[in-house]
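Undergrad: Can you look at this prediction? I've put the sequence above it.
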Amino acid sequence: DQQVKQNSPSLSVQEGRISILNCDYTNSMFDYFLWYKKYPAEGPTFLISISSIKDKNEDGRFTVFLNKSAKHLSLHIVPSQPGDSAVYFCAASAWGGGADGLTFGKGTHLIIQP
Amino acid sequence: DGGITQSPKYLFRKEGQNVTLSCEQNLNHDAMYWYRQDPGQGLRLIYYSQIVNDFQKGDIAEGYSVSREKKESFPLTVTSAQKNPTAFYLCASRKQGETEAFFGQGTRLTVV
């Protein structure tokens, strides 16, 4: 059973607008969440993370929001740029169980239209 | 220049053969991981190791084996028992006490 779900396989956004990528999780033990960006035939690169004690974390154009009661997080990219076109993976970790590895969603392919 | 190196980038294997994928890191990270990526499947954990000479099965360990004789190295062997080995394999490492994992560039394995 999938513990981390990204229900949108793809998302198309116009350059300069806001991109919103969503992620839901089912495991209440998860207390740390990460977003990774991946280009084809390359390894994922870390983008931004958030601890469960926070509800928002911001880094430049990227902001992650966490709604613990809804078990939902989202990644906002504003403004969207052509180089943002990639697959974005949501990942979760249960601290203490964090050494067991991250649990990943299936990814959302973000396409930025010029 | 610190990082994780996976080799080779592309690998072809005949059915019935074992093949070993290399993963080396010079980040002095304690934990290392192997993931597999299939189209539309995200990343699934094969094996992980938190310390030298110790490793644990992940979600899809059947048909794979690993060793961790050195802190820097965590090779993955894809055995002939793995029914569907064609995939993109990713190695990652993580520093003790931190959650962020760093990934290598991946190895594309194709069974011919």
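TA: Cool, got the structure. Residues are numbered from 1 along each chain as shown, chains lettered A, B, ... in the order given.

Undergrad: Check chain A for the residue nearest chain B and tell me.
TA: Residue nearest to chain B within chain A (CB to the nearest CB): A:Gly43, separated by 3.5 Å. Heads up, the C-betas are built off the backbone N, CA and C, glycines and all.

Undergrad: Which helix or strand contains that residue?
TA: Element membership of A:Gly43 [criterion: DSSP states H and E] is none; it lies in no helix or strand.

Undergrad: Distance check, the closest residue in space to it that isn't next to it in sequence against B:Leu90.
TA: Of all residues not flanking A:Gly43 in the chain, B:Phe103 sits nearest, at 3.5 Å (CB to CB, 6 or more residues apart in numbering or on different chains). Plainly put, B:Phe103 is 5 Å away from B:Leu90 if you go by CB to CB, to the nearest Å.

Undergrad: Other residues contacting the longest strand belonging to chain B?
TA: When chain B is parsed with DSSP state E, its longest strand is strand B:42-51. Outside strand B:42-51, the residues within contact range by CB atoms under 8 Å, 6 or more residues apart in numbering or on different chains are A:6, A:44, A:89, A:91, A:99-107, B:30-38, B:55-61, B:64, B:66, B:68, B:74, B:76, B:89-90.

Undergrad: now with 6 Å?
TA: Around strand B:42-51, the neighbours that count as contacts under CB atoms under 6 Å, 6 or more residues apart in numbering or on different chains are A:99, A:101, A:104-107, B:31-37, B:55-56, B:58-61, B:64, B:66, B:68, B:74.
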